[in-house]
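[1] fold the stuff below for me.
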Amino acid sequence: MHVGYATGFQHQSGPGLNDATFIQDDLRMAIDAEDLGFESIWVTEHHFSDYSISPSPLQTLTYLAGQTKRVKLGTQVIVLPWNDPVRVAEQALWLDNITNGRLLLGFGRGLGKMEYEGMRVDINQTRQLYKEYAELVINALETGVIEGGEITQQPRRELRPRPYKSFQGRIFGSAGSPESVKTVAELGIGILIINPEPRANLGVDFDTYNQVWAEKQGARKAPQPLLSGTIFVDESSERAKRMSAEYHRGSFHAAVKNYGMAEEDFGTSKGNEFYKNMRIAPEKIDEMADKMGTVMPAGNPTEILEILDRIRGECNLQGFFPHFHFGQMPREEAQRNMRLFADTCLKEVQSWSCESTLDGESLQLEAA
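    Model prediction:
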């Protein structure tokens, strides 16, 4: 099974550390991941807060491409409604060409009203924009041509550089609601599961995904899913669970603030109605933070392997990329967390069988 490394750029470590130093430290951990044996590096997209200081994942991955030799480079995710589809396609083609096909793409819709307003995008158009932009970009990455779209009305243009190889099997969509699962299947891309709670199938409706895939994609086989989530591993099971709970409390509070989950209008925008029942009453935030802190994967190496093996069986994964630095965790703790996982769990997880689609297929296009 493919095992990568997820960055978070969560600058929540308190006063005394400026953004520049924090970003450099997070980048250094990502670069170290290659030497530790991780097979990919994944970068988020967020704006306007310390929840994640990562406004341009493809720009960050281009820097990391120059600092690494072998690891694949993934977006977790590009929030398509915030980005011009021509620029996404052009930048993805450029990065894939200069890295000889190392790029993996994760797309998502985004949920934070604060971020939508700051990007001057109507959150009520989120689903329509996401699907249209995704269709434009996916087609452009295969053909080298971008055109169309009811909203975009993109004139036909040939893109340069030309596609290096097919992105089929290398594009995934974040799917947190039943409607998103359906859209991902209609687009013909794999499922990317992010920050799961320990529910059956991690809350993803795979039955709907498989049904829609069969209807829309015919005989083409769906890629097995990818999973991203936090991990806290320690030789002491008790310490791992206690410290994980502490750091997840801080991370949960930051997520509630970033997504506006305690606001009255959370989940009321068009296309986001599924999330309305996830609104958290302000007086319940601390209680929910305590709960989340105790259910996320944490334990000694044996326990972590048991958790991941169970999830693999439930979801038929082809890849997993853990996030080791979250909440107000000190840098030294995050580095210890990552290195212990690499020393005690990494090779075992990589030995698990799966059918990988992450290398893509060769794509021969006539020279323009």
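[2] other SSEs contacting the helix or strand where Asp343 lies?
    Using DSSP states H and E, Asp343 maps to helix 331-344. Packing partners of helix 331-344 (3 or more CB pairs under 8 Å, 6 or more residues apart in numbering; DSSP states H and E): helix 19-36, strand 232-233, helix 301-315. In this view, the C-beta of every residue, glycine as well, is placed from N, C-alpha and C.
[3] mean neighbour count, the ones you listed: which tops it?
    Scoring the helices and strands packed on helix 331-344 by mean neighbour count under mean count of other CB atoms under 10 Å gives strand 232-233 as the most buried, with a mean of 28.
[4] how about residues contacting that one?
    Defining contact as CB atoms under 8 Å, 6 or more residues apart in numbering, one finds that strand 232-233 is touched by 240-241, 243-244, 247, 296-301, 304, 324, 337, 340-341, 344-345.
[5] any idea what the nearest residue to Val349 once chain neighbours are set aside is bridged to?
    Residue nearest to Val349 in three dimensions, not counting chain neighbours: Val3, with 5.2 Å by CB to CB, 6 or more residues apart in numbering. Per DSSP bridges, the residues bridged to Val3 are Phe320.
[6] what do you get for Leu103?
    As for beta bridges, Leu103 partners with Leu73 under DSSP bridges.
[7] check contacts around it.
    Leu103 makes contacts with Leu61, Lys72, Leu73, Gly74, Ala92, Leu95, Asp96, Arg170, as judged by CB under 8 Å, 6+ apart.
[8] about what we covered before: now do the contacts for the residue nearest to Val349.
    By CB under 8 Å, 6+ apart, the contact set of Val3 is Phe38, Glu39, Gly319, Phe320, Phe321, Pro322, Leu346, Val349, Gln350.
[9] the helix holding Asp343 to helix 19-36, inter-axis angle?
    Angle between the axes of helix 331-344 and helix 19-36 is 10 degrees (criterion: axes from the mean of the first three to the mean of the last three CA atoms, to 10 degrees).
[10] ok, and what's touching helix 331-344?
    Here helix 331-344 makes contact (CB under 8 Å, 6+ apart) with 5, 13, 25, 29, 32-33, 36-38, 231-235, 243, 301, 304, 322, 324-325, 329.
[11] quick check: buried residues in it?
    For helix 331-344, a neighbour-count test (16 or more other CB atoms under 10 Å) marks Arg331, Glu333, Ala334, Gln335, Asn337, Met338, Leu340, Phe341, Ala342, Thr344 as buried.
[12] what is the helix or strand harbouring Ala134 packed up against?
    Element membership for Ala134, per DSSP H and E: helix 126-143. In terms of contacts (3+ CB pairs under 8 Å, 6+ apart), helix 126-143 is packed against helix 85-98, strand 103-108, strand 145-148, strand 171-174, helix 178-187.
[13] any chance of a markdown table for the ones you listed, columns mean pLDDT and distance to Glu355?
    Shown next, in a markdown table, are the helices and strands packed on helix 126-143 (pLDDT from 0 to 100; distance: least, CB to CB, whole Å):
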| stretch | mean pLDDT | distance to Glu355 |
| --- | --- | --- |
| helix 85-98 | 98 | 22 |
| strand 103-108 | 98 | 16 |
| strand 145-148 | 98 | 30 |
| strand 171-174 | 97 | 15 |
| helix 178-187 | 94 | 18 |
